[in-house]
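>>> Return atomic coordinates for the entry below.
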Amino acid sequence: IQAALRTPAPRPRTSSIGRFFGVYADPRAYLSILYMLLALVTGTIYFTFAVTGLSMSIGLAILIIGVPFFLLFVGATRLVALAEGRLVETMLGTRMPRRPVYPDRDAPFLRRIGDMLKDPRTWGTLVYFILMLPLGVFYFVFAVIGIVVSIALFVAPIFVLLYHAGLVQIDGVVQAPHPAVLPFISILGLLLLTVTMHLARGIGYLHGQLAKTLLVQAQGSN
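Residues are numbered from 1 along each chain as shown. Just a heads-up that it's a prediction; the model follows:
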C-alpha cells in the first residue's frame, strides 16, 4: 500500500471527462473505499473500547484503584489513537504523528496527571472513538451499496443478452427492457461507480481532516 502511495500521481486530465474518469487511476480512491469497508470493524472496536473504559472508570472512581485504572485507560487510548493515525495516514493520506506525545516527564506526578486530564487530545480521542461507530456504519453501507448497485447495473444487460442467447440460465421469468436500452443501463452503472469512487475519495479526505482535528490538532502538536 505504501509503495502505491509513493507512486507519482497521474498526470492531470485537461478535459472534464478525463478528470471525471481519471479517478480510476488514483490509488487514493481505492484506499478510501477499503478504509470505509474496514471502518465498520474498527468503529465497533473503538466505540466498545471507549464506552467500556469510561464506564469502568466512573464505576471504580469511588475505589482506590479508580485513578490508576483511569490513567491506564487514558494511556491505552493514546496508543490506540496512534495506531488509528497510522491507518488514516496510510489509507487516506492525511499526515499524522508517528509517535505518542507524552507530558513533561520531569514534572511532578500529580502535575502530569493534571496535564493529562486537561489535554484536549485526551477528550478529543474519546469523542473520535465514539463517533467512529455511526461513521463506520455509514461508511460501510455507502461503500457496499454504491459498489454493488453500480456493478449490478453494469453487468445486468450482459446477463440479459446471454440469457436470450441461451448461453446462461436464470430462474424465474426475466422481463428485460428493450434491447436498445440495455447499453444505457450499463453506462448508468459505470457512471454511478465513477461517482461512488469520487465521493469515497472526498469522504476519505474529510475523515482524515476529522481525525487530524480530534487526534492531533486538539492539543496543538505535530
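
>>> outside of stretch 130-146, which residues touch it?
For stretch 130-146, contacts defined as C-beta atoms under 8 Å, 6 or more residues apart in numbering pick out 33, 35-37, 39-44, 46-47, 50-51, 192-193, 196, 199-200, 203, 207, 210. Glycine gets a C-beta too; all of them are placed from N, C-alpha and C.

>>> buried ones in it?
I130, L131, M132, L133, L135, G136, Y139, F140, F142, A143, G146 (16 or more other C-beta atoms under 10 Å).

>>> Quickly find the element holding the first one.
In this structure, I130 is located in helix 120-164 according to DSSP states H and E.

>>> Report the rounded mean pLDDT for that helix.
Computed over helix 120-164, the mean pLDDT rounds to 89.

>>> now do stretch 34-43
When pLDDT is averaged over stretch 34-43, the result is 96.

>>> Can you mark which positions in that stretch are buried?
Buried, per 16+ other C-beta under 10 Å, within stretch 34-43: Y35, M36, L37, L38, A39, L40, T42, G43.

>>> export the residues you listed to a markdown table and tack on secondary structure?
Below are the buried residues of stretch 34-43 laid out as a markdown table (DSSP: H, G, I helix; E, B strand; the rest coil):
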| residue | secondary structure |
| --- | --- |
| Y35 | helix |
| M36 | helix |
| L37 | helix |
| L38 | helix |
| A39 | helix |
| L40 | helix |
| T42 | helix |
| G43 | helix |
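
>>> Closest one to V155 out of these, please.
Lowest distance from V155 to the buried residues of stretch 34-43 (C-beta to C-beta) belongs to L37, with 20.4 Å.

>>> Which residue comes closest to that closest one once chain neighbours are left out?
Leaving aside its sequence neighbours, L37 sits nearest to A143 (C-beta to C-beta, 6 or more residues apart in numbering; 5.4 Å).

>>> Distance check, the one you found against S150.
11 Å (C-beta to C-beta, to the nearest Å).

>>> Nothing else from me, thank you.
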